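Visitor: Predicted coordinates and the sequence they were generated for:
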Amino acid sequence: VQLQASGGGLVQAGGSLRLSCAASERTFGSYDMAWFRQASGKERAFVARITWTGAITNYDDSVKGRFTISRDNAKNTLYLQMNNVQPEDTARYYCAQYYSGTYTSSASYLYWGQGTEVTVSS
């Protein structure tokens, strides 16, 4: 499985970005998916997760109310709408396909995209 993340860039605080993650396999629609992020010098951290049907979403408290995870299984694509971004959102963002275990743990994900860089200026 190949996951290709895109949509990152430089944005001012208070602005918006939409990240996308395109999957190479048609089985994309059968798996829960998530976004993680890793800031410079820090560990990779959970951002948001969505079940395979899209019926259930979960967010880290730091992004709740500002970010929205969604998916289009017909297009094999995962999204992360980021609104009201803040400098602390600066990180490399990764999409990942869930395998097993606690959904907030990076160890529970088997396939990862290469990431897309988001930089928020104040």
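Guide: Looks like it came in fine.
Visitor: from memory residue 25 sits against residue 1, does it?
Guide: Yes. With contact defined as Cβ atoms under 8 Å, residue 25 counts as touching residue 1 (5.0 Å). In this view, the C-beta of every residue, glycine as well, is placed from N, C-alpha and C.
Visitor: helix or strand for the nearest residue to residue 80 once chain neighbours are set aside, which one?
Guide: In this structure, residue 80 finds its nearest non-sequential neighbour in residue 19, 4.2 Å apart by Cβ to Cβ, 6 or more residues apart in numbering. Using DSSP states H and E, residue 19 sits within strand 17-23.
Visitor: Which neighbours in the sheet does that strand have, and how are they oriented?
Guide: Strand 17-23 has its sheet partners listed here by DSSP bridges as strand 3-6 (antiparallel), strand 77-82 (antiparallel).
Visitor: And the contacts of that strand?
Guide: Strand 17-23 has contacts (Cβ atoms under 8 Å, 6 or more residues apart in numbering) with 1-9, 11, 33, 35, 75-82, 85, 93, 95, 97, 113, 116, 118.
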